[in-house]
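1. curious how this folds, go ahead:
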Amino acid sequence: YGASSTGAAQLRYGNSPKLATTSTGIDVTGTATMDGLTVTGSNGNFEVATTGNSVNMTRAGNNFITASDSSGDLYLGAGGTSFIKIDNGGDISFYDDTGTTPKFFWDASAESLGIGTSSPASVLDVSGEAPTLTLRDSRTGGSWTAGTALGKLDFYTSDSTGIGAHSIASIGVVAGGANE
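-> Below is the predicted model:
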């Protein structure tokens, strides 16, 4: 133990300072071993829980990042609600505005994307009441000339003879005449 005329104190081990008080707090040299840790600041908190396996970072109690429990899942949220979950298997869920239902889901093991479903039945599964898929041309200004291609959607199948993929359908959107 050592003290100075400024009021600072030090704890030493083997004549090396390990803990010192300063005018703004404490300085630790080495590793601090403890049951839990909470750092509270005016702009947010950092906590390693004393029970379970969670690490929490919060800002004013509303925005947070939680690496949680024994599952190893990672949650991101705001306003006290989780909006993104990345589980330890690589699945990623984006939740609705209430934070309860995943509406955009990546299934890592099946390499499938679900929009409106957390159980995609195919590579891309769009689910909902009368779901609509929109492809929008971003070109702006000017007028279109009849016959100008605006977009295209192709459907392919694999050829079992090994020659390669073949187009089985193609849907093209083309600018029409002045009355279309």
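2. pLDDT weak spots in this protein?
-> 1-7, 51-53, 60-64, 68-70, 137, 139, 141-147, 150, 153-180 (pLDDT under 70).
3. helices of the chain, residue ranges please.
-> All residues of the chain lie outside helices when identified by DSSP state H.
4. my read: residue 71 touches residue 91, true?
-> No: using CB atoms under 8 Å, residue 71 makes no contact with residue 91, being 11.5 Å away. To be clear about C-beta, it is placed using only N, CA and C from the backbone, and glycine gets the same treatment.
5. okay, those two: which has more neighbours?
-> Remark: of residue 71 and residue 91, residue 91 carries more neighbours, 17 against 11, as counted by other CB atoms under 10 Å.
6. could you find the closest non-adjacent residue to the more buried one?
-> residue 108 (5.2 Å; CB to CB, 6 or more residues apart in numbering).
7. OK, contacts around residue 26?
-> Counting by CB atoms under 8 Å, 6 or more residues apart in numbering, residue 26 makes contact with 19-20.
8. how much space separates it from residue 37?
-> According to CB to CB, to the nearest Å, residue 26 and residue 37 sit 13 Å apart.
9. cool, and residue 47?
-> Relative to residue 37, and taking CB to CB, residue 47 is found at 7 Å.
10. go on, residue 86?
-> Computed as CB to CB, the residue 86 to residue 37 distance reads 24 Å.
11. neighbour count winner among the two?
-> residue 86 (17 against 12).
12. was I right about the more buried one contacting residue 72?
-> No: using CB under 8 Å, residue 86 is not in contact with residue 72; the gap is 9.6 Å.
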